[in-house]
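>>> Attaching a predicted model along with its sequence, questions to come.
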Amino acid sequence: MASTHVVNDLYQGAIPAMLPLLMSQRHYSYAAVSGLAFAASGVSSLFQPLFGVLSDRKPRSWLVPAGFGTAAFGVVAAGLSGSYLVTWLCVALAGIGIAAYHPPATSEARAAGGSSQKAMSVFSVGGTLGGSLAPTLVTLVIGSMGFASSYLLAVPALVMVVLWVLRGPWMRWRGYTPAASLTTGASAKAAAHDPDRTDDWRSFTRLVAVIIGWSIPFVTVTSMVSLHAQRDLGQPAGAGAAVLTAYTAAGAVGTLLGGWVGDRYGRMTSIRIGYLVALPALLGIAWAPTFPVLVVSTVLFGTAMFLPFSAQVTLAQDYLPNRPGTASGLTLGMAMAAGGLCSPAFGWLADSAGLRTTFYALLAVFIVPALLALRLPDRNVPASPTQSTNSGAEADFARNS
């Protein structure tokens, strides 16, 4: 599952990596590229709750390869298209594919890893690694050979589809049970009478508010930090791609570190530390007078932002134990949509007042979710009978192996 996450988020990261090239080769404005970020992270993310509900009702593992396959097609088509409207529609299609992937994949990863924060961090870091590879891949393919070579970006998805087809029977032979099936049949009836497994919508709503505040600076920094290095600090395009790669790579480190901290000291510790460290790091990005200061601040910000990532996913699923797909869809979809919805506004601000002012405005916005994150309650939901049976089957498989 982590490997599929690498491929899926490779295409999610390819879109912001393409934005500077679109500005230089197709002469798009800040507002235009922010509109593309809106198509990818905003409009597309609104579909994730729908896919979450679908994955809760019935296991639909086919959405995993269909999701990253659609994302690959959208990215390739966006690179080959000529008009802005067609490019926007193709980017939105890629985002819908990404939306289709995340809820079922996250639910299956949670079913496989149980309550372990490290397990969820391994799955999550797959996406972060994919995003960190995207700028380099896009620069090598499009930056060196032009948008006409965009079809080469489809290779990772084609390879993973083949691996998924080969891997599928092995997962079923092991007795693997997707999380979507945990809320059906006898387990659902038992959960309805178990107070420890009731859905806590109030706490979940507060968490969604926190993630909305998290997504706004995350999406905007992802879209604009490379441009910040080039336009404000006079760096070449390669340096801009490097700082974006460093940002997403730092996120991978932060994701794994957050899983370790969550298992050792509690997931609320990783959530609170992440938000408190991210605030001064974002200030450093806005203030950075030189490129090295920008790199250090960006790396620290990426690490801190992803420190609470896996903990937020498992916490959302524990707030809604009877609807893990819905929890994943709403937190990774509807909440993340806020970042894309706000992208055009910050793009217009960047056009009129500059990127530094935009980053300072992000800092002011980010203070609110940081304060809310400090007051989130923890919740540990006991495993369902289906989860226990599945864990026992996997243990038997391990002993027999």
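All right, it came through fine.
>>> Give me the distance between the closest residue to V243 other than its chain neighbours and A242.
Closest residue to V243 apart from its sequence neighbours, by C-beta to C-beta, 6 or more residues apart in numbering: A229 at 5.0 Å. For glycine as for every other residue, the C-beta is placed from the backbone atoms N, C-alpha and C. According to C-beta to C-beta, to the nearest Å, A229 stands 8 Å off from A242.
>>> where does the stretch 251-400 of the chain dip in pLDDT?
Along the stretch 251-400 of the chain, the model assigns pLDDT under 70 to residues 332-337, 340, 382-400.
>>> now the helices for it?
Remark: helices assigned in the stretch 251-400 of the chain by DSSP state H, counting those that start in this stretch are 267-287, 291-306, 309-319, 324-329, 335-353, 355-373, 385-400.
>>> Kindly report the same for the stretch 1-150 of the chain.
Taking DSSP H, counting those that start in this stretch to define them, one finds helices in the stretch 1-150 of the chain at 2-25, 30-38, 48-57, 63-80, 84-113, 117-138, 144-145.
>>> any chance of these in CSV, with mean pLDDT, mean neighbour count and distance to I273 too?
Formatted as CSV, these follow (pLDDT from 0 to 100; neighbours: other C-beta atoms under 10 Å; distance: least, C-beta to C-beta, whole Å):
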stretch, mean pLDDT, mean neighbour count, distance to I273
helix 2-25, 87, 24, 24
helix 30-38, 81, 24, 28
helix 48-57, 77, 22, 27
helix 63-80, 91, 23, 32
helix 84-113, 86, 24, 22
helix 117-138, 84, 25, 13
helix 144-145, 84, 10, 40
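>>> right, so of those helices, which gets closest to L256?
With C-beta to C-beta as the measure, helix 117-138 is the member of those nearest L256 (5.3 Å).
>>> packing partners for the closest one?
The contact analysis (3 or more C-beta pairs under 8 Å, 6 or more residues apart in numbering; DSSP states H and E) places helix 117-138 against helix 2-25, helix 84-113, helix 237-265, helix 309-319.
>>> Just send these back as a markdown table, with distance to V219 too.
Conversion of the helices and strands packed on helix 117-138 to a markdown table gives the following (distance: least, C-beta to C-beta, whole Å):
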| stretch | distance to V219 |
| --- | --- |
| helix 2-25 | 8 |
| helix 84-113 | 12 |
| helix 237-265 | 12 |
| helix 309-319 | 14 |
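>>> out of those, which comes closest to S121?
Proximity to S121 (C-beta to C-beta) singles out helix 237-265 among these, at 2.6 Å.
>>> Could you say which of the helices of the stretch 251-400 of the chain is packed most deeply?
Neighbour counts (mean count of other C-beta atoms under 10 Å) averaged over each of these peak at helix 324-329, with a mean of 30.
>>> hmm, who's touching that one?
Helix 324-329 has contacts (C-beta atoms under 8 Å, 6 or more residues apart in numbering) with 48-56, 102-104, 106-107, 110, 179-180, 182-183, 204, 313, 316-317, 319-320.
>>> Compare the helices and strands packed on helix 117-138 and give me the one nearest L36.
Going by C-beta to C-beta, the one of these nearest L36 is helix 84-113, 5.2 Å.
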